[in-house]
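> A structural model of the following input is requested.
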Amino acid sequence: MKKFLYFRTVADEANDGVTGLKTNNPSSFMFDADNLCAMQPTSETIITLYFKPALAHSAANYQANSLRDTVNLNVTEGDIFEVMTKITDAIANPARGHSDGFIVIADDVVTTDSATSALADLVVPAQYIHPSITSCGTITVQSPSAGYGVHEHYEVIDIPNGAVADDDVMASAGIYLPAQAVLVEAMIINVELSTGAAASAALEVHTAAVADNAGSAGTEIIGAGAGGGSLPNTDLNFGSGDVIGESITGGTLISHESPLDRGTDASYFHICAKEGSMTPAGDAKIGLYLKWYGPAAIMTAERLA
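This next block holds a predicted model:
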């Protein structure tokens, strides 16, 4: 059975569909339970639920790592675990009072609205999946503006084993950005080291996809060859003797104060070898983070295959 989670933030039903109508913060919203990604306490009295975007997506665009839709639940301090448990149980066991698949998580309405005067302005109890929920906080639904807006992407890229020449592509991101993207943040981080002693990498951007073990001929945007803009101004080391968790950012080349405007060029991202002679081995992995303004990312043909 398909299950849906319902939230409403207004106390008077007359304001439902009026409050927040032209913003990303609707007065009420129903999410597909399958799109619930995570829950976490964001303060001692707030639980934030994260959902895959309900509206800001299209078949052509890759939105799995976009900004999430969120709902904040205000809860009694000390009862965060109990509320999370109850929500999970309601989704997993809809027969326990939710056999129709419609699950009210938090509904703040206490005053009714109706065109029939006898049914309007009646006092009704608010409804919460757990008594420790005190109210429904802000609902945030990302805009379906044809994919244009503010986007984030993070992925962990596997580095293949085997010898690779200096400046050649070792591996590529699973997405690319269409024209008119403006990069405002970027970072690479080693999340698993090579078992080979010598290994370092840089991030390059190119106008087209480049195969592994081919020369990139792109533009280095993070690394020692990025014109001194990276912070720190060095390549990312990921050899067996290096420090796991080392990261290099876009520094002064890519920042909100100094954005990298790609203009009419598409942007393909490549992790390139920067060690001279090197042979990555084991299960080396490099994380890539990007934030940009403009069009949504598109999954590469290789990732779609």
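> Surely I46 touches T70?
No - I46 is beyond contact range of T70, at 10.8 Å (criterion: CB atoms under 8 Å). Backbone N, C-alpha and C define where each C-beta goes, glycine included.
> Neighbours of D79, how many?
Around D79 there are 18 other residues, counting by other CB atoms under 10 Å.
> same deal with the one 3 residues further on?
Other residues near E82 come to 14 when the count uses other CB under 10 Å.
> give me the element it is part of.
Using DSSP states H and E, E82 falls within helix 80-92.
> Quick check: the gap between the closest residue in space to A181 that isn't next to it in sequence and A54.
Among residues not flanking A181 along the chain, G294 sits closest, at 4.3 Å (CB to CB, 6 or more residues apart in numbering). Distance from G294 to A54, counting by CB to CB, to the nearest Å: 22 Å.
> residues contacting A224?
Going by CB atoms under 8 Å, 6 or more residues apart in numbering, A224 touches A202, S230, N233, T234, D235, K274.
> pLDDT score assigned to it?
If you check A224, the pLDDT there is 96.
> Could you do A305 as well?
pLDDT at A305 comes out at 39.
> what do you get for A54?
85.
> Just give the closest residue to it, not the sequence neighbours.
A54 sits nearest to D69 (CB to CB, 6+ apart), 5.6 Å away.
> Number of residues surrounding the one you found?
23.
> tell me the contacts of it?
F31, N35, Y50, F51, K52, P53, A54, T140, V141, Q142.
> same question, A266
Here A266 is in contact with Y176, L177, P178, A179, T207, A208 (CB under 8 Å, 6+ apart).
> Just give the number of residues close to the fifth one.
If you count neighbours by other CB under 10 Å, T207 ends up with 16.
> pretty sure it contacts D265?
Yes - counting by CB under 8 Å, T207 does reach D265; the two are 4.8 Å apart.
> buried sites along the helix holding E82?
Neighbour counts over helix 80-92 (16 or more other CB atoms under 10 Å) mark I80, V83, M84, K86, I87, A90, I91 as buried.
> and the spatially most distant residue from the centre of the chain, which of the three is it?
Ranked by distance from the centre of the chain (CA atoms, centre = their mean), the top residue is A118, with 46.7 Å. Secondary structure assignment for A118 (DSSP: H, G, I helix; E, B strand; the rest coil): helix.
> and the gap between the spatially closest residue to S194 that is not a sequence neighbour and E246?
The shortest distance from S194 to any non-neighbouring residue, by CB to CB, 6+ apart, is to A284 (4.0 Å). The gap separating A284 from E246 is 13 Å, by CB to CB.
> Of those two, which one has the most company?
Applying other CB under 10 Å to A284 and E246 shows that A284 carries more neighbours, namely 25 against 16.
> got the contact list for that one?
Residues near A284 by CB under 8 Å, 6+ apart: D158, I159, N190, E192, L193, S194, T195, A199, F238.
> where does it land on pLDDT?
For A284, the predicted pLDDT is 94.
> ok, the contacts of A266 vs S132, which is closest?
Of all these, the one with the least separation from S132 (CB to CB) is L177, at 43.0 Å.
> quick one: buried residues of stretch 175-191?
175-178, 180-181, 183-191.
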